[in-house]
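In: Need coordinates for the below:
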Amino acid sequence: MNAPVHAVPKNARIYVAGHRGLVGSAIVRALKRHSFTDLIAASSGELDLRDQTRVSRFFTSEKPEYVYLAAARVGGIVANNTYEADFIYDNLMIEANVIRAAHKYNVKKLLFIGSTCIYPRLAPQPMKEEYLLTGSLEPTNESYAVAKIAGVKLCQAFNRQYGARYISALPTNLYGPGDSFDLENGHVLPVLIRKFHEGKIRGAPSVAVWGTGEPFREFCHVDDCAEACVYLMSNYESGEIINIGVGKDIRIGELAELVKKVVGYKGDIVFDTARPDGAPRKLLDVSKINALGWTAKIPLEDGIRKTYEWYLQTENHRGEGTAARTSA
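Out: Predicted structure coming up:
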């Protein structure tokens, strides 16, 4: 990899907002692997990021120098459709309060975790960073996408007006330790793991998979994403968005077969076409981050196997997850 542009000191005071979530917890693991020693965190019970006053007090007392903004209200298709107001309000408030506090209390650099759902539903594939705001959004997650676009634009506005160093990274579909396996509201890969596992335990003759199985999706292990975030903090200075992904996608039907194989389920797969497919394809162009010197390392099958092992080791793996959860 290339030498860091502006290497973050190992003793820098670093705040990871959303440290208990899928992405935030992985960023904490990555920072520890890279020997960063002064990490700050606060759970949602300790700090409601939607409360501007409390966020200001936190920044006043803790004085972070670098911020990873991974906190968000997240969920699958059903959650996004059912809790539209919650998704847009909570995410707008979290972003606005943390980014404003970063400016007010002189944070040296902030990395905002966006989402590829901010790209147009029918964007050309693979999706390049310049495709943002060139078409209509996917209706099933529009509220979440609008909030994330606002976060990107807020970072860019602070950069232009105040000379801030706020960067925005857009990860592809993520999976791994810390994910939600909620059957109604989780994302596709962890839901498939749970469905096939429970089908195996029950000896079910078939397992239903939502949709037609025809859409394509790209999947990146969350530990790869976290490594990318830590790398970008030292190696990326532009206010323009940057994609994080593997640059390869897979048809959902093929993904189901792969998860079935890893889990060891022997029955049939049945596609529930009454359920929504979402966008037909979401593949990222990752040439920009690759040119900086970073590439994903964890193959999909290996990542699924590690995630399944984590799922089996987690005590609350039967019925975990909530309709729409806040990672904080």
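In: Report the backbone C-alpha coordinates of the strand or helix carrying residue 193 in PDB.
Out: Assigned by DSSP states H and E, residue 193 belongs to helix 188-202. The C-alpha coordinates for helix 188-202 follow below in PDB (Å, rounded to 0.1, in the frame of the first residue of the first chain):
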ATOM      1  CA  VAL A 188     -30.500 -10.500   3.000                       C
ATOM      2  CA  LEU A 189     -27.300 -12.400   3.800                       C
ATOM      3  CA  PRO A 190     -27.800 -12.800   7.600                       C
ATOM      4  CA  VAL A 191     -31.400 -13.600   7.100                       C
ATOM      5  CA  LEU A 192     -30.500 -16.400   4.700                       C
ATOM      6  CA  ILE A 193     -28.000 -17.800   7.200                       C
ATOM      7  CA  ARG A 194     -30.600 -17.900   9.900                       C
ATOM      8  CA  LYS A 195     -33.300 -19.300   7.600                       C
ATOM      9  CA  PHE A 196     -31.100 -22.200   6.400                       C
ATOM     10  CA  HIS A 197     -29.800 -22.900   9.900                       C
ATOM     11  CA  GLU A 198     -33.300 -23.100  11.300                       C
ATOM     12  CA  GLY A 199     -34.400 -25.200   8.300                       C
ATOM     13  CA  LYS A 200     -31.500 -27.600   9.000                       C
ATOM     14  CA  ILE A 201     -32.300 -27.900  12.700                       C
ATOM     15  CA  ARG A 202     -36.000 -28.500  12.000                       C
END
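In: start at 27 instead
Out: Yep, numbering from 27; the last one is helix 214-228 now.
In: tell me which strands and helices that helix is in contact with?
Out: strand 199-201, strand 232-236, helix 278-289, helix 326-339 (3 or more CB pairs under 8 Å, 6 or more residues apart in numbering; DSSP states H and E). Every residue, glycine included, has its C-beta placed from N, CA and C.
In: 7 Å instead, please
Out: strand 232-236, helix 278-289, helix 326-339 (3 or more CB pairs under 7 Å, 6 or more residues apart in numbering; DSSP states H and E).
In: CSV for those, including mean neighbour count?
Out: Formatted as CSV, the helices and strands packed on helix 214-228 follow (neighbours: other CB atoms under 10 Å):
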stretch, mean neighbour count
strand 232-236, 19
helix 278-289, 20
helix 326-339, 17
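In: nearest to residue 160, of the ones you listed?
Out: Among the helices and strands packed on helix 214-228, helix 278-289 comes nearest to residue 160, with 25.2 Å by CB to CB.
In: Compute the inter-axis angle for the closest one and strand 232-236.
Out: Per axes from the mean of the first three to the mean of the last three CA atoms, to 10 degrees, the angle that helix 278-289 makes with strand 232-236 is 140 degrees.
In: Distance check, residue 81 against residue 230.
Out: Noted for residue 81: a distance of 47 Å to residue 230, by CB to CB, to the nearest Å.
In: Between these two, which has more neighbouring residues?
Out: residue 81 (25 against 16; other CB atoms under 10 Å).
In: Which one of the helices and strands packed on helix 214-228 lies nearest to residue 190?
Out: Of the helices and strands packed on helix 214-228, nearest to residue 190 by CB to CB is helix 326-339, at 34.3 Å.
In: Quick one: list the elements packing against the closest one.
Out: helix 214-228, helix 278-289.
In: Give the residue spans of the protein that score low on pLDDT.
Out: Residue ranges of the chain with pLDDT under 70: 27-29, 31, 341-354.
In: Try it again at 50.
Out: 341-343, 345-352, 354 (pLDDT under 50).
In: ranges for the helices of it?
Out: Taking DSSP state H, the helices of the chain run over residues 48-59, 78-88, 103-108, 110-130, 168-188, 214-228, 248-261, 278-289, 313-318, 326-339.
In: can you redo those helices as CSV with distance to residue 96?
Out: Listed next are the helices of the chain as CSV, based on distance: least, CB to CB, whole Å:
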stretch, distance to residue 96
helix 48-59, 4
helix 78-88, 15
helix 103-108, 18
helix 110-130, 10
helix 168-188, 12
helix 214-228, 18
helix 248-261, 8
helix 278-289, 25
helix 313-318, 17
helix 326-339, 18
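In: Deepest in the core, which of those is it.
Out: Stretch with highest mean neighbour count among the helices of the chain: helix 248-261 (a mean of 24; mean count of other CB atoms under 10 Å).
In: by contact count, what packs against it?
Out: helix 48-59, strand 135-139, strand 192-197, strand 199-201, strand 268-270.
In: okay, it in CSV with CA atoms only?
Out: The C-alpha coordinates for helix 248-261 follow below in CSV (Å, rounded to 0.1, in the frame of the first residue of the first chain):
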residue,chain,number,x,y,z
VAL,A,248,-17.5,-5.8,7.5
ASP,A,249,-13.9,-6.3,8.7
ASP,A,250,-12.8,-5.5,5.1
CYS,A,251,-14.9,-2.4,5.2
ALA,A,252,-13.5,-1.4,8.6
GLU,A,253,-9.9,-1.8,7.3
ALA,A,254,-10.9,0.5,4.4
CYS,A,255,-12.3,3.1,6.7
VAL,A,256,-9.1,3.2,8.8
TYR,A,257,-7.0,3.4,5.6
LEU,A,258,-9.1,6.2,4.2
MET,A,259,-8.7,8.3,7.4
SER,A,260,-5.0,8.5,6.8
ASN,A,261,-5.0,8.3,3.0
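In: No more questions from me, cheers.
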